[in-house]
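*Asks:* here is my input, please return the structure:
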Amino acid sequence: MDKNININVLLIEDNPGDARLIKEYLRDYENFTFSIQWVSSLNNLKEKVTNLPDLILLDLNFPESVGIETFDHVHSVLPEIPVIVQTGVNNEQVGQTAVSKGAQDYLVKGNFDGLLLSKAIIYGIERDNLVKKIQDQKFVIKYNEELQLLNKTKDKLFAIIAHDLKTPFQAIHSYSEILNNDLADMSLEDIKASFSYILEYSKNTLILLENLLEWAKLQTNRINFDLKKFDLYYVIKKAFDLYSLMAVNKDIQFIFTCPENTNVVADENIIYTVVRNLISNSLKFTPQSGKVSISAIRSDSIKVVISDNGIGMTPEQCSNIFDADTIQSSKGTMGEHGTGLGLVLCRDLLQKINVPLIIDSNLGQGTSVCFSLPLFNKEQ
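*Replies:* Prediction:
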């Protein structure tokens, strides 16, 4: 603390004699002087304080409040101001409790003089300043860590946008240019085929963008969750229908097994995003004439399983699949593009609702991915 400084002390004490004694004790100490604001009750405390104090010297016993409740009240009214409490000879335990709850120190009435009181006030302010400085440093460290994470997220987004989203947009542009320049000379069949390609690329690009946005929101903790009852059948069917054409184009046997009224409790949007991504992944890495199945198995919970007989993964690929720092997109069995975020996004979304994602894969044999959801209980 700087020298030649005045310390403003708020004395909260209902006994006039004790208040006069404190004022007498707090005369000049070395290079410090003390200004005393005396308040004799806790009522309307904030309005009574004319100047914001450097420290509060607090008696714990008042007609309207006794013991640790007094400290709790004062600390809630003036939370940023350090406090030293005064206790009776037989109430040291209360003082220790106050220190554990944030007081800087406690003094036993009748057991201190002016020198001890002056030192306690000065050291109390010093400790409070030190704690606040450490807290500020921790905040800066945490802020810098979050900033680094945001920068990594930004760099990853830009890399994906530059690489993985460029190709589908180029394809859409190319087919649109063909239609624009050669429409009069094209057969109806060729026109329909071109529009079909544009529609397919547009749909896939939109899904890629949605995944990117979901992933970016996750990285910045900007996703809200709503756990409620819904029928899993319709969520899976919606994702199944979305990719039916892709399955037909690859001549993949596409199977969906889930009875209606399969009521679960989870975040419906999260489960749809997860199922959609897992189906897309399976279709992407399953060759022509392969098989992809989606099933919901009922027991104590509902186990959702998406399995395929596609190209599968090595143990090394499986161990690195969730490492966001090494995310790389891979082309599917027919050159399909993606961001490489699919499984990471699924894992992170499910983690937010405390649902683990389990992957079992063997190179050349296929992959099975599953997660379990709690059944809806009518008593919930």
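*Asks:* use CA for all of it now, contacts and neighbours both
*Replies:* Fine.
*Asks:* show me where the stretch 1-150 of the chain has strands.
*Replies:* For the stretch 1-150 of the chain, the strands defined by DSSP state E, counting those that start in this stretch occupy 5-12, 32-39, 55-59, 61-62, 65-66, 83-87, 105-108.
*Asks:* centre of the chain to the first one, how far?
*Replies:* The gap between the average C-alpha position of strand 5-12 and the chain average comes to 42 Å, counting by CA atoms, centre = their mean, to the nearest Å.
*Asks:* ok, now the third one?
*Replies:* Average the C-alpha atoms of strand 55-59, do the same for its chain, and the two points are 39 Å apart (CA atoms, centre = their mean).
*Asks:* tell me the average confidence for it?
*Replies:* In this model, strand 55-59 carries a mean pLDDT of 94.
*Asks:* ok, the fifth one next?
*Replies:* For strand 65-66, the mean pLDDT works out to 90.
*Asks:* likewise for the second one?
*Replies:* What strand 32-39 shows for mean pLDDT is 90.
*Asks:* what packs against it?
*Replies:* strand 5-12 (3 or more CA pairs under 8 Å, 6 or more residues apart in numbering; DSSP states H and E).
*Asks:* direction included, what does the strand it packs on pair against?
*Replies:* The pairing partners recorded for strand 5-12 under DSSP bridges are strand 32-39 (parallel), strand 55-59 (parallel).
*Asks:* which element is residue 360 on?
*Replies:* Using DSSP states H and E, the element containing residue 360 is strand 358-362.
*Asks:* after that strand, which helix or strand is next?
*Replies:* strand 366-374.
*Asks:* hmm, who's touching stretch 224-237?
*Replies:* 256, 258-268, 271-272, 275-276, 353, 376 (CA atoms under 8 Å, 6 or more residues apart in numbering).
*Asks:* tell me which of the strands paired with strand 5-12 sits nearest to residue 239.
*Replies:* strand 55-59 (62.6 Å; CA to CA).
*Asks:* nearest residue to the middle of this protein?
*Replies:* The structure's the chain has its C-alpha centroid closest to residue 221; by CA atoms, centre = their mean the separation is 4.0 Å.
*Asks:* ok, now which ones touch residue 106?
*Replies:* Here residue 106 is in contact with 84-87, 95-96, 98-99 (CA under 8 Å, 6+ apart).
*Asks:* excluding chain neighbours, give the residue nearest to it in space.
*Replies:* Once flanking residues are discounted, residue 106 sits nearest to residue 85: 4.7 Å by CA to CA, 6 or more residues apart in numbering.
*Asks:* I'd say that neighbour and residue 101 touch.
*Replies:* No: counting by CA atoms under 8 Å, residue 85 stays clear of residue 101, with 11.7 Å between them.
*Asks:* and those two? Which one has more around it.
*Replies:* The neighbour comparison of residue 85 against residue 101 (other CA atoms under 10 Å) goes to residue 85, with 26 against 13.
*Asks:* count the residues that sit near residue 4.
*Replies:* The burial count for residue 4: 10, using other CA under 10 Å.
*Asks:* give me the neighbour count for the residue lying closest to it once chain neighbours are set aside.
*Replies:* Once flanking residues are discounted, residue 4 sits nearest to residue 31: 5.0 Å by CA to CA, 6+ apart. Residue 31 has 10 neighbours, counted by other CA under 10 Å.
*Asks:* can you tell me how far residue 31 is from residue 52?
*Replies:* 21 Å (CA to CA, to the nearest Å).
*Asks:* check residue 146 too.
*Replies:* 34 Å.
*Asks:* and for residue 129?
*Replies:* The value you get for residue 129 to residue 52, if CA to CA is used, is 15 Å.
*Asks:* now do residue 173
*Replies:* Counting by CA to CA, the gap from residue 173 to residue 52 is 67 Å.
*Asks:* what does residue 302 give?
*Replies:* As for residue 302, its distance to residue 52 is 60 Å (criterion: CA to CA).
*Asks:* settle it for me: which of the two has more neighbours?
*Replies:* Neighbours per residue (other CA under 10 Å) separate residue 302 from residue 52, with residue 302 holding more: 20 against 14.
*Asks:* quick one, phi/psi of the more buried one?
*Replies:* Per-residue torsions, residue 302: phi -110, psi 120 (degrees, to the nearest 10).
*Asks:* next: residue 308.
*Replies:* Dihedral angles (degrees, to the nearest 10) for residue 308: phi -150, psi 170.
*Asks:* next, count neighbours for it.
*Replies:* 28.
*Asks:* ditto for residue 222
*Replies:* Other residues near residue 222 come to 11 when the count uses other CA under 10 Å.
*Asks:* what about it, which helix or strand?
*Replies:* Using DSSP H and E, no helix or strand contains residue 222.
*Asks:* check the gap between it and residue 82 for me.
*Replies:* For residue 222 relative to residue 82 (CA to CA), the value is 35 Å.
*Asks:* again with residue 72
*Replies:* In terms of CA to CA, residue 72 sits 13 Å off from residue 82.
*Asks:* could I get the strands paired with strand 5-12 as CSV with mean neighbour count and distance to residue 168?
*Replies:* Formatted as CSV, those follow (neighbours: other CA atoms under 10 Å; distance: least, CA to CA, whole Å):
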stretch, mean neighbour count, distance to residue 168
strand 32-39, 17, 72
strand 55-59, 24, 65
